[in-house]
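A.B. asks: based on what follows, work out the 3D shape:
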Amino acid sequence: MTPSASTLAFVESPVQLLNVLEWAYAEAVSAPGGAPLLAGVPRQPSRAARGPASGADPSDADSGPAAAAGGAPAPAPDRPAGASSWLRIVVLPPTDPMSRGQLRRMAGLARDEGYEVAWQEARGGRLAPVKALAALARDVRAARRVVVGDPFSRYVQLLLTLVRAEELVVVDDGTATMEFVAQTGRGERLVRWHRVGGGGLPGRVRELAYAPVSATARRRFTPAAGKGRRVEVFSSMPVTVHGAMTLRVNEFAWTRSRFGPPRLTKGTDLVGTSLVETGVVDPARYLDAVRALTLEHGATRYFAHRRESADKLRALSEATGLEIVRPDLPLELIARRGPVGRTIVSFPSTVVHTLPYALTGTGVTVAVCDVDPAWLTGSASPRARSFLAGVTETARDVHRLPAQTASAAG
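C.D. replies: Numbering: from 1, shown residues only. Below you'll find the model as predicted:
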């Protein structure tokens, strides 16, 4: 790690990396002198000229033009060398190609801002996590501040056993932040809201073996007052922190300073969700709901979630006539740059909380469609119904659509 890089950030998804950039911008603005807002930004050099992310396999780089609604965004103007060297971002990429592609583009934006970005493979084989841990151990111990994007990640929790920093920052990983704050407040084990028990005896053995690591992470996220250690939550979610935690609201100031305002189209855009892929919502019910929303709101485009399967998206397109858009950046950036519909309709998800911030003052209406409990699968987590309802009920500045609107038209 660069000696001056006193802050080390770990991200595993494109949205986490976006939120690290938002946090870094907020940190700079709060410093003496602040960070100026930009009147305009020049065009970004082509990815081909810049090459793939460092430490990555060149064969994994992008091989075609960007999607119509997700081309490469423009960076900030050139900055003095070392201007942002206080922050080093370590990308721990997943294995799916869509996430990796978005992460590469977000890594390019981070470098354009002057931050150091490292690409560290931690998946893809039994020894990969061990090798990654060994490669990162020294830097983790040396960091004076650590930023993480997914407190539920077992790999992040494992890294936390090595952290000596007094300050820990948790940036948004979507609606999971709501569950993270609630679970740590209740002193519960950290478990994703959509996860259900399983794995039989081997699964229980793994849980027991991992229990000491999980317990250490839980203690690290909930420091006692007056002990010197600090935990900051940087979030757009409606959370109430507890104990020695502090909250800083993510208002997407970096996104608004670098992109837009967008050109608005006359139509409606739908935002996809991975609720089917996570086993929460029945595929047929989801298809009916999307079809109904398309007819009722005159939607023309469907922004796919990066985890949605190709087969599912093909079926949606054939049933509804929607243009399927695979964004190559997080939706907050795509929508802010435009063009975007005057109305954006989503099921309960992160974007019903983040888009009102990113699109403030643009005239775009964000609407959220409730999930009817009848849409849930038999294997859905017992927490699914109440959690999804909570995501909808706590969203600010959005128009709420009843679930029966979708089911009635299906």
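
A.B. asks: quick check, pLDDT for residue 66.
C.D. replies: Looking at residue 66, its pLDDT reads 34.

A.B. asks: just the strands in the stretch 251-400 of the chain please.
C.D. replies: 264-271, 299-303, 323-325, 340-346, 365-369, 399-401 (DSSP state E, counting those that start in this stretch).

A.B. asks: any chance of those strands in CSV, plus distance to residue 287 and mean pLDDT?
C.D. replies: From N, CA and C alone the C-beta is placed, and that goes for glycine too. Below are these laid out as CSV (distance: least, Cβ to Cβ, whole Å; pLDDT from 0 to 100):
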stretch, distance to residue 287, mean pLDDT
strand 264-271, 12, 94
strand 299-303, 12, 96
strand 323-325, 13, 97
strand 340-346, 15, 96
strand 365-369, 14, 93
strand 399-401, 17, 82
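
A.B. asks: got a markdown table for these, with distance to residue 212 and mean neighbour count too?
C.D. replies: Shown next, in a markdown table, are those (distance: least, Cβ to Cβ, whole Å; neighbours: other Cβ atoms under 10 Å):
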| stretch | distance to residue 212 | mean neighbour count |
| --- | --- | --- |
| strand 264-271 | 40 | 19 |
| strand 299-303 | 41 | 22 |
| strand 323-325 | 44 | 17 |
| strand 340-346 | 39 | 23 |
| strand 365-369 | 40 | 21 |
| strand 399-401 | 43 | 14 |
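
A.B. asks: redo those as TSV? Include distance to residue 181.
C.D. replies: Below are the strands of the stretch 251-400 of the chain laid out as TSV (distance: least, Cβ to Cβ, whole Å):
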stretch	distance to residue 181
strand 264-271	24
strand 299-303	27
strand 323-325	32
strand 340-346	22
strand 365-369	21
strand 399-401	23
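
A.B. asks: these: which one's closest to residue 90?
C.D. replies: With Cβ to Cβ as the criterion, residue 90 lies closest to strand 299-303 of the strands of the stretch 251-400 of the chain, at 28.2 Å.

A.B. asks: flag the shaky bits of the chain, pLDDT-wise.
C.D. replies: 1-5, 33-84, 193-207, 209-210, 225-227, 403-410 (pLDDT under 70).

A.B. asks: what about 50?
C.D. replies: Applying pLDDT under 50 to the chain flags residues 1-4, 36-83, 404-410.

A.B. asks: in this protein, which spans are helices?
C.D. replies: 14-30, 47-50, 97-112, 128-142, 154-160, 176-186, 200-221, 253-258, 283-297, 310-320, 331-337, 351-358, 384-393, 403-409 (DSSP state H).

A.B. asks: now render those helices as JSON lines, adding distance to residue 276 and mean neighbour count.
C.D. replies: As requested, the helices of the chain are exported to JSON lines (distance: least, Cβ to Cβ, whole Å; neighbours: other Cβ under 10 Å):
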{"stretch": "helix 14-30", "distance to residue 276": "19", "mean neighbour count": "23"}
{"stretch": "helix 47-50", "distance to residue 276": "31", "mean neighbour count": "12"}
{"stretch": "helix 97-112", "distance to residue 276": "15", "mean neighbour count": "21"}
{"stretch": "helix 128-142", "distance to residue 276": "29", "mean neighbour count": "15"}
{"stretch": "helix 154-160", "distance to residue 276": "24", "mean neighbour count": "20"}
{"stretch": "helix 176-186", "distance to residue 276": "18", "mean neighbour count": "20"}
{"stretch": "helix 200-221", "distance to residue 276": "23", "mean neighbour count": "13"}
{"stretch": "helix 253-258", "distance to residue 276": "28", "mean neighbour count": "21"}
{"stretch": "helix 283-297", "distance to residue 276": "5", "mean neighbour count": "19"}
{"stretch": "helix 310-320", "distance to residue 276": "6", "mean neighbour count": "15"}
{"stretch": "helix 331-337", "distance to residue 276": "18", "mean neighbour count": "26"}
{"stretch": "helix 351-358", "distance to residue 276": "17", "mean neighbour count": "26"}
{"stretch": "helix 384-393", "distance to residue 276": "13", "mean neighbour count": "18"}
{"stretch": "helix 403-409", "distance to residue 276": "14", "mean neighbour count": "16"}
